[in-house]
Structure formats: C-alpha cells, structure tokens
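**Student:** Return a 3D structure for these sequence lines:
(one chain, ligands or ions: 2)
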Amino acid sequence: MPKEFSPEQWQKIEENVSEAEIDDRKSDRASQELRRETGATRAAREKARDVGSPVGGKRKRVVEKAFSREEDFEKAAQDILGADGSPERLLVSLRLKNLAHALREEQRIEKAQKVLRSEETDILKSIEDAPTGVEQEALGEIRDELATLEKTHEELLASSPEAYIGLHLKELKEYKQELEVGRIVETPYVKEQADDIVTHFNAGKPVLIYGHLGSGKSELAMHIARNYIGKEALVISGSKHTTLAELYGHQVLAVDQGTGSTVSDYFLGPIYRAMQEGRPVIIDEVNAIPHEVLISLNHILTRRVGDKVNVQQNSGTTVEVKEGYGVMMTGNLNQGQEKYVDRQDMDPAFLSRLYKLEYDYLPQQTDGNLEAEAGEGNELFHLMLARAIDKNGNLEAPRDSVLKLWNLAKAARVTEDVFAGREVSNAFYFQQGGGRSVRYLLKKSVLSIRAIDNVITQWQKDGYQREIDYYLWKEFVSQSTVASDKAYLYQMFKDRFGFFTSDGWEQNPQYGSGGVIESFDVKPPENAPTKPQFFGPREVVAFAYGKPPERKEWPKLDNETEKKSKAVEQMDVAALQELEAFKNTLEKDLNQLESEVGEFCEIEGESSKRASPGTQEENQWAKAKEREK
Ligand SMILES: Nc1ncnc2c1ncn2[C@@H]1O[C@H](COP(=O)(O)OP(=O)(O)OP(=O)(O)O)[C@@H](O)[C@H]1O
Ligand SMILES: [Mg+2]
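**Tutor:** Ligands and ions are numbered 1, 2, ... in the order given. Got it, this is the predicted structure:
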C-alpha cells in the first residue's frame with residue numbers, strides 16, 4: 001500500500017465505501033424481511049440450511065428473493081471493502097469513529113441542556129411578582145449557556161459527514177417512532193412553542209393556544225402535560241352546551257353504606273379535581289363555550305400552588321392547589337369567514353388574563369426545487385420523509401417518491417395558507433372556465449398532517465401499487481364535501497405541483513364559472529408507479545437537510561494498528577466492551593451503534609453516580625476524549 005493517497009484517490013475510495021454501505025443495507029433489509037417471513041434468526045436459518053432443511057415461509061417467492069438478496073449484497077459489499085486493512089476498511093473505521101464521537105457529544109450536549117432547562121424552570125417557578133436583579137442575572141447566564149450549547153451542536157453537525165448524517169438520521173428516526181405511536185413530533189418549531197408554553201404554565205399563567213384547524217393544538221397541549229409537566233391532563237371539551245356543572249361539578253345522590261339511606265354528595269368537577277390532584281386542565285375549543293360560563297373561570301385561572309380555593313357550589317368545602325395544576329386552552333380563530341361555526345369572539349377581559357400563543361402549521365417552503373431548498377425550514381417535508389423511511393433510515397419506494405413527497409409538502413402548506421386566508425402569491429387564484437380567475441379561499445378542506453398521513457399510509461399499505469396521485473385523490477381531494485374546494489384543489493395540485501398529469505387523469509375538467517361549482521368529480525386512473533429504488537441514509541438525509549459537509553480528514557495509513565493496540569491497553573472495562581461492540585458493528589447498521597453508544601453512556605453515568613459525582617464524571621469524559629484520540 002502506498003504511504004499516502006491523494007484527496008482524489010480518497011474520493012474514489014469514499015465512493016466505493018458508500019456503494020458498499022448501500023449493498024450492506026440492502027442485505028440487512030433482506031435479513032430483516034427473512035426474519036419476519038420465517039420467524040428464524042439468521043444463525044438459525046444458516047444452520048438449518050447446512051443440515052439440508054432450509055426454513056421456508058408462506059410467501060415462497062418473497063423468501064427466495066430475500067435469500068438471494070441477503071447473500072448477494074453482502075458479498076458485493078465485502079468485495080468492495082476488500083481485505084482487512086484495505087483503505088476502504090480504514091475509511092469505514094474513520095466513519096465509525098466520527099459517528100461514535102458525534103453521538104456521544106450530542107448526548108453530552110443534550111444532558112447539559114436538560115440540566116440548564118430544569119434550573120431555569122426552578123427559578124421561574126419561584127419568582128414572586130417580578131424577578132430580582134440576582135434572578136435576572138442567573139436567568140441571563142442560563143440562556144447564554146444554552147445558546148453556547150446550541151452553537152456547539154451546530155459545529156458538531158458540521159464537523160464531519162458522519163456527524164451530519166448520523167445526527168440528522170437519528171432525528172428522522174425519532175420522528176418516525178413518534179409518528180408510529182401517534183405522538184406529537186417535536187420538530188424545532190414545535191419544540192420552540194412547547195418551551196414557550198411550558199415557561200408560562202410553570203409561572204402560573206393560563207395559556208391559550210390558538211390557531212387553525214388541525215394544526216395540532218389539542219395534541220400539543222396533551223403532549224406538554226404528559227412530557228413536560230409529567231401529569232396526564234384532565235380534558236374539558238368545550239362546546240356551546242358546556243355548563244358550569246361540567247366545569248365545577250354537581251350534587252349527586254348516593255346511598256349511605258351504613259344506614260342505607262339516601263344522602264346528598266358533591267361530585268367535584270375537573271377544575272377542582274385538577275387542583276386537588278395537581279394536574280393540568282385542558283379546556284379544548286374554549287371559544288365555543290358561552291360567555292357567561294367562561295367568565296366564571298376568571299377568578300380561578302391564576303390560582304397558585306398552596307392556595308386554598310372555596311368550592312363555591314358546595315359551600316364550606318375547600319380544595320388546596322397542588323403542584324402540577326395549571327390551565328391550557330385551545331381555540332380556533334374567527335376571522336369573519338364563518339369557517340368555524342359556533343365559535344364566538346372571546347371576551348376581552350377574559351382574554352387579557354391569558355398568555356396567548358398562535359400555533360401555526362409546521363414550517364414549510366411553498367416554492368422551489370428540492371435540491372436548492374432542502375434544509376431546516378421544511379419541517380412538514382421532514383415529517384413526511386420520516387413517515388416513509390424504514391426503521392433503519394432506508395427508503396425503498398418508487399423512484400420519483402421523494403420528489404412527489406416534496407411537492408406534496410409544498411402543496412399541503414399552500415392549502416393550509418389558503419385555508420387560513422393568508423395572501424399567497426397571485427399564482428394561487430382559481431382559474432375558472434373562460435380563463436377568468438377568482439380569488440379563492442378553501443372553505444372546509446386543508447391538507448393537514450392528519451390528512452397527509454392518511455394519503456401516505458394508504459399508499460404504503462397498498463404496497464405502492466398505484467401512483468401516489470391516486471391516493472391523493474381518493475383519500476383527500478375527493479373526500480371534500482364542498483364541490484368548489486374539490487375543484488380548486490384538483491387544479492392546484494395539477495397545475496402547480498404536477499400531480500394528476502399522468503395518463504388518464506382529466507386535464508380539462510369543468511371548473512365552473514363565477515365561483516359557482518355545483519359538483520365536481522373525476523375518475524382516477526389506476527396507473528402503476530415508477531420502478532422502486534433503494535435510498536440509504538446518506539441520500540435520505542441529503543434530501544431532507546441538504547448536502548453533508550466535506551470531509552476534512554482522511555484516514556492515516558501509517559502504523560494505525562500499533563496505535564490502536566496501545567490505546568486498548570489504557571482502557572477500562574466498559575470502554576473495552578464498547579470497542580468490542582464497535583468492532584462487531586463495523587459494517588453494520590447505524591441503529592445498533594447508536595443504542596450501543598447510548599448504553600455505554602448510561603453505564604458511564606451509572607458508575608459516576610456511584611462515586612463522587614462531579615469529579616468522577618469529568619474523569620470519565622476526559623477518559624472518553626483520550627480514547628477518541
Ligand atoms: N408535530 C406533529 N407531529 C405529529 N403529528 C402531528 C403534529 N402536529 C399535528 N399532528 C397531527 O395532526 C392531527 C391534528 O391535531 P389536533 O387534533 O391536535 O389539531 P387541532 O389543532 O386541535 O385541530 P382542531 O382544530 O381540529 O381541533 C393529529 O392527528 C396530530 O397527531
Ligand atoms: Mg383540537
């Protein structure tokens with residue numbers, strides 16, 4: 001082997017490694033499919049085959065294909081990587097080293113952030129009326145430190161391609177997991193709003209989260225209760241029929257166990273119960289509740305922990321407000337468009353008592369092509385990509401899927417804006433028959449996360465049998481109950497975003513005239529999608545966040561092995577285990593590596609807890625750093 005490679009030569013080696021990585025992932029994916037089909041692990045399958053009775057599955061054809069994929073792709077990857085000590089394998093080691101470093105550093109940053117945030121909360125909670133000078137200084141310091149950590153994280157992302165890909169992929173995979181269990185995904189926008197709400201909630205201020213249909217207000221409030229306050233919320237669903245009794249409780253008749261006689265008892269409503277149990281109350285759709293009922297809340301909104309509150313409806317009794325109590329409300333806005341029936345403008349005196357936060361749809365660009373626009377600002381697209389990838393961060397789907405998802409994300413945000421009555425660029429006027437265009441506001445339909453999820457889920461459940469356009473029509477556009485909404489959406493998806501343009505889609509439907517459309521319908525053709533293609537995490541992350549940074553450092557070719565063995569001597573047991581784990585996962589999945597690093601850090605954390613906290617922990621980190629060198 002030569003002493004040095006030129007950057008161009010390394011570049012070629014890098015391409016080889018990336019190719020091997022994709023092959024390896026394809027093989028892994030086949031292994032997983034086989035596991036699912038046959039119920040047997042790889043070791044069990046190989047053993048069975050050695051003794052001449054290979055395990056089969058129900059779907060023979062799938063099993064056969066998976067078998068040959070598993071083997072062929074693995075072999076292809078090994079061939080590319082070559083023998084031990086090949087430059088390709090050195091690069092693989094460097095990649096893993098970079099990745100492990102990034103994952104570990106990120107964990108350190110997140111831990112530090114958590115400590116600072118809880119310190120901030122503690123200070124905010126105990127502020128009486130206004131913060132003292134000392135409190136202000138302390139808060140300022142905490143915020144500075146948080147900002148520094150944020151910057152460190154950004155630098156970490158830019159430090160190597162592996163840090164960039166690994167950390168972003170981790171984020172997408174977390175999104176995916178949360179989506180799967182139906183939880184709110186904390187994109188940067190959501191996180192920012194959640195922090196804002198929690199800060200006010202903890203300071204004893206009732207919060208009103210307001211915004212348009214399906215932006216996620218109710219879910220966000222529940223998410224905050226569960227994950228930030230640590231308590232399941234009591235939810236009151238507001239409507240024009242909401243009564244005082246529903247909020248505060250009512251008398252009930254009960255049978256006295258002892259005497260058998262009927263006694264009168266008081267059933268505490270959710271507001272008092274939440275105080276007593278130290279839980280958040282969520283008043284959903286608050287602006288549907290009649291004025292006179294809402295006003296009754298005025299005196300109760302700002303109760304603090306420790307206050308004793310008279311149960312007015314049950315004279316003589318009181319409840320004590322426990323830690324965890326607080327009020328969050330959600331509501332829609334009425335902007336004179338009669339979109340939200342049975343909602344009223346809220347009483348100014350009532351509103352003035354609340355911290356009001358507008359919660360918008362997720363940030364998403366509405367123009368431009370993916371290559372130029374990929375990046376942080378496209379949170380809706382990130383959610384959709386996360387929805388589409390498998391649990392290892394691969395995407396195997398019709399070739400044009402990513403492009404279609406990108407267009408769908410942009411279009412969704414346009415429907416949201418048009419629905420919300422925002423001035424979107426002139427292009428979004430509705431072209432009617434005879435070439436006339438009218439300004440149009442969607443009346444009932446908005447392509448919210450809920451609706452997008454429906455479209456993608458059906459498309460995937462059907463095994464990508466038809467193009468996504470079909471599901472967009474079936475699951476969303478055709479579901480609209482307003483003919484003009486349907487027509488407008490069809491036109492917008494078709495003319496601006498390239499959907500509904502393949503064979504068989506109606507290209508000149510009746511768009512009505514003068515804003516009047518009696519009915520609208522098209523017959524969706526069942527076109528097959530484009531051929532499937534396999535995208536690995538490098539590609540998926542680049543689609544979502546843009547190209548990774550250039551590599552700044554290439555592997556060293558000289559006495560690499562010698563250095564490694566020296567380093568091993570200096571390691572403690574935990575570190576040795578970790579190294580062993582790394583070795584085993586060298587060509588394996590990022591997933592596994594991640595959790596191993598996670599466990600390793602936990603072990604580290606544990607051992608430092610047992611000994612004296614601060615210094616030991618520092619030592620551990622110094623050791624870890626040493627090891628990386
Ligand atoms: N950040 C997010 N991550 C995942 N899902 C989300 C997110 N935001 C919203 N959703 C999904 O969007 C849907 C709508 O949310 P939700 O019902 O909370 O909206 P809302 O603003 O209260 O709507 P409405 O005006 O209809 O009351 C839910 O299915 C929710 O899971
Ligand atoms: Mg809601």
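
**Student:** Leaving out chain neighbours, which residue sits closest to Y189?
**Tutor:** The shortest distance from Y189 to any non-neighbouring residue, by C-beta to C-beta, 6 or more residues apart in numbering, is to P363 (5.2 Å). For every residue, glycine as well, the C-beta is placed using N, CA and C.

**Student:** Repeat that for Y490.
**Tutor:** Distances taken as C-beta to C-beta, 6+ apart place V477 nearest to Y490, at 5.8 Å, with adjacent residues excluded.

**Student:** Count residues in the vicinity of the one you found, would you?
**Tutor:** When neighbours are defined as other C-beta atoms under 10 Å, V477 has 26 of them.

**Student:** Going by secondary structure, the closest residue to ligand 1 within the stretch 51-200 of the chain is in what exactly?
**Tutor:** At 3.5 Å from ligand 1, V185 is the closest residue in the stretch 51-200 of the chain, using C-beta to the nearest ligand atom. Under DSSP states H and E, no helix or strand contains V185.

**Student:** what element comes up after the strand or helix carrying K486 heading to the C-terminus?
**Tutor:** According to DSSP H and E, K486 maps onto helix 483-497. Heading C-terminal from helix 483-497, the first helix or strand you meet, by DSSP H and E, is strand 532-535.

**Student:** Could you give me the buried positions within that next one?
**Tutor:** For strand 532-535, burial by neighbour count (16 or more other C-beta atoms under 10 Å) applies to F535.

**Student:** Next, the distance between the ends of stretch 366-380.
**Tutor:** Using C-alpha to C-alpha, to the nearest Å, the end-to-end distance of stretch 366-380 comes out at 11 Å.

**Student:** Look up phi and psi at Q364.
**Tutor:** The phi/psi pair for Q364 (degrees, to the nearest 10) reads phi -160, psi 130.

**Student:** do you know how far it is from E379?
**Tutor:** Note on Q364: its distance to E379, by C-beta to C-beta, to the nearest Å, is 6 Å.

**Student:** same question, S237
**Tutor:** Distance of S237 to E379, given as C-beta to C-beta: 28 Å.

**Student:** check contacts around whichever residue of the chain sits closest to ligand 1.
**Tutor:** Closest residue of the chain to ligand 1, C-beta to the nearest ligand atom: G216 (2.7 Å). For G216, the contact set (C-beta atoms under 8 Å, 6 or more residues apart in numbering) comprises 184, 190, 359, 449.

**Student:** How about the contacts made by the last one?
**Tutor:** The one in question is I449. Residues in contact with I449 (C-beta under 8 Å, 6+ apart) are 214, 216, 362, 380, 383.

**Student:** likewise D307?
**Tutor:** Contact analysis of D307 by C-beta under 8 Å, 6+ apart lists 320-321.

**Student:** Ok, E506 next?
**Tutor:** 500, 522-523.

**Student:** What residues does this structure have near ligand 1?
**Tutor:** Contact residues (C-beta under 6 Å from any ligand atom) of the chain with ligand 1: 179, 184-185, 187, 190, 213-219, 330, 332, 448-450.

**Student:** A245: neighbour count?
**Tutor:** With other C-beta under 10 Å as criterion, A245 counts 13.

**Student:** do K391 as well
**Tutor:** Close neighbours of K391, defined as other C-beta under 10 Å, add up to 12.

**Student:** again, but for L244
**Tutor:** L244 has 15 neighbours, counted by other C-beta under 10 Å.

**Student:** repeat for K552
**Tutor:** 9.

**Student:** For it, give me the pLDDT.
**Tutor:** You'll see K552 listed with a pLDDT of 87.

**Student:** what does M328 give?
**Tutor:** For M328, pLDDT reads 96.

**Student:** Identify the residue nearest it in space, chain neighbours excluded?
**Tutor:** Distance criterion C-beta to C-beta, 6+ apart; nearest residue to M328, sequence neighbours excluded, is A221 at 4.5 Å.

**Student:** Now do the contacts for the one you found.
**Tutor:** Residues in contact with A221, defined by C-beta under 8 Å, 6+ apart, are 197, 209, 233, 282, 284, 328, 330.

**Student:** Filter these down to just the ones in strands.
**Tutor:** In strands, defined here by DSSP state E, the members of the contacts of A221 are 209, 282, 284, 328, 330.

**Student:** CSV for the residues you listed, including distance to L351 and neighbour count?
**Tutor:** Formatted as CSV, the ones in strands among the contacts of A221 follow (distance: C-beta to C-beta, whole Å; neighbours: other C-beta atoms under 10 Å):
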residue, distance to L351, neighbour count
I209, 13, 26
I282, 18, 27
D284, 17, 21
M328, 15, 31
T330, 14, 26
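
**Student:** Relative to V402, which of the contacts of G216 is nearest.
**Tutor:** Using C-beta to C-beta, I449 comes nearest to V402 of the contacts of G216, at 18.7 Å.

**Student:** Report the separation between the closest one and A386.
**Tutor:** 12 Å.

**Student:** buried residues in the helix or strand containing E371?
**Tutor:** Under the criterion of DSSP H and E, E371 resides in helix 370-373. By neighbour count on 16+ other C-beta under 10 Å, the buried set for helix 370-373 is 370, 373.

**Student:** Averaged pLDDT, that helix. What do you get?
**Tutor:** Helix 370-373 comes out at a mean pLDDT of 88.

**Student:** Just the local confidence number for D24, please.
**Tutor:** Looking at D24, its pLDDT stands at 89.

**Student:** er, E4 I mean
**Tutor:** Note on E4: pLDDT of 80.

**Student:** which of the contacts of E506 are buried?
**Tutor:** Among the contacts of E506, those classed as buried by 16+ other C-beta under 10 Å are 500, 522.

**Student:** Throw the contacts of E506 into TSV and include distance to A100, thanks.
**Tutor:** Formatted as TSV, those follow (distance: C-beta to C-beta, whole Å):
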residue	distance to A100
F500	47
V522	53
K523	55
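
**Student:** which one of the contacts of E506 sits closest to Q491?
**Tutor:** If you rank the contacts of E506 by distance to Q491 using C-beta to C-beta, F500 comes first, at 9.2 Å.

**Student:** State the pLDDT value of the residue lying closest to that closest one once chain neighbours are set aside.
**Tutor:** Leaving aside its chain neighbours, F500 sits nearest to K494 (4.2 Å; criterion: C-beta to C-beta, 6+ apart). Confidence at K494, expressed as pLDDT, is 94.

**Student:** Would you mind measuring from K494 to V522?
**Tutor:** For K494, the distance to V522 - C-beta to C-beta - is 10 Å.

**Student:** so after the helix or strand harbouring T457, what's the next helix or strand?
**Tutor:** Using DSSP H and E, T457 sits in helix 449-461. Sequence-wise, the next helix or strand downstream of helix 449-461 (DSSP H and E) is helix 468-471.

**Student:** Let me know the outermost residue of the chain.
**Tutor:** Distance from the C-alpha centroid of the chain, by C-alpha atoms, centre = their mean, peaks at T259 (57.0 Å).

**Student:** Tell me the secondary structure at that one.
**Tutor:** Judged by DSSP: H, G, I helix; E, B strand; the rest coil, the three-state class of T259 is coil.

**Student:** remind me which residues of this protein are low pLDDT?
**Tutor:** Flagging of the chain using pLDDT under 70 yields the residue ranges 1-3, 52-57, 333-344, 423-428, 434-435, 514-515, 558-629.

**Student:** Domain map for it?
**Tutor:** For the chain, automatic domain parsing gives the domain ranges 1-81, 92-180, 202-358, 370-545, 564-583+591-629.

**Student:** Can I get those in JSON lines including distance to W554?
**Tutor:** Shown next, in JSON lines, are the domains of the chain (distance: least, C-beta to C-beta, whole Å):
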{"stretch": "domain 1-81", "distance to W554": "5"}
{"stretch": "domain 92-180", "distance to W554": "7"}
{"stretch": "domain 202-358", "distance to W554": "42"}
{"stretch": "domain 370-545", "distance to W554": "18"}
{"stretch": "domain 564-583+591-629", "distance to W554": "17"}
